[in-house]
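Asker: Need the 3D shape of this:
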Amino acid sequence: MKIQIPTEGAMQNYGEKLARQLHGGEVIELIGDIGAGKTTLVKGIGRGLVIEDVIQSPTFTINRTYEARDGLRLMHYDFYRLAEAGVMMHDVAESVGDPHTITIIEWADAVQGVLPARRMQIRFTSPTETQRELSVTQLQSGTNESDEL
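Answerer: Got it, this is the predicted structure:
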């Protein structure tokens, strides 16, 4: 499914809408260039999960953890600077296996070996300076099935 996002505010609103459908155990892979809006989307997801902390990009810290509504936790990873995840691979494997954790991963090539077959992929493209297009795909058991979210 393709979604047109005209503004930064609309990106956060989409993230908030998506978050209302999350119950824990979900894995979301974000694919896009630097500045495509990945962290902006996560800020909206944080708002929808009633996270009180300020959502920040984990580019330099690799991961950030946030406590969310209903006893959930949001784990946000960014492997932009790493070709291999090393010891972080174990951390990601634990996160994706936790039914109370929502795991969001940017630049996930470094951890493909531990990502579940069932996960959401969101691809970001930038048709203009401010507009974004999201291609949302639900991967299930090695097949690509597009579910509306």
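
Asker: wait, residue 18 sits on residue 45?
Answerer: Yes - counting by C-beta atoms under 8 Å, residue 45 is a contact partner of residue 18 at 6.1 Å. Any C-beta I mention is one placed from the backbone N, CA and C, and that applies to glycine too.

Asker: The two - which one has more neighbours?
Answerer: residue 45 (27 against 20; other C-beta atoms under 10 Å).

Asker: That one: which element?
Answerer: helix 38-48 (DSSP states H and E).

Asker: For that helix, what is the distance to the chain centroid?
Answerer: Centroid separation between helix 38-48 and its chain, computed with C-alpha atoms, centre = their mean, to the nearest Å, is 9 Å.

Asker: I'd like to know which elements that helix is packed against.
Answerer: helix 8-19, strand 27-31, strand 73-78, strand 101-106 (3 or more C-beta pairs under 8 Å, 6 or more residues apart in numbering; DSSP states H and E).

Asker: try 6 Å
Answerer: Applying 3 or more C-beta pairs under 6 Å, 6 or more residues apart in numbering; DSSP states H and E, we find helix 38-48 packed against helix 8-19.

Asker: what angle separates the helix it packs on from strand 73-78?
Answerer: 130 degrees (axes from the mean of the first three to the mean of the last three C-alpha atoms, to 10 degrees).

Asker: how far off strand 27-31 does helix 8-19 point, in degrees?
Answerer: 160 degrees.

Asker: residues in contact with helix 8-19?
Answerer: Contacts to helix 8-19, defined as C-beta atoms under 6 Å, 6 or more residues apart in numbering, come from residues 5, 37, 40, 41, 43, 44, 45, 47, 48, 49, 149.

Asker: In that helix, which residues are buried?
Answerer: Using 16 or more other C-beta atoms under 10 Å as the test for burial, helix 8-19 gives 10, 11, 12, 14, 15, 16, 18, 19.
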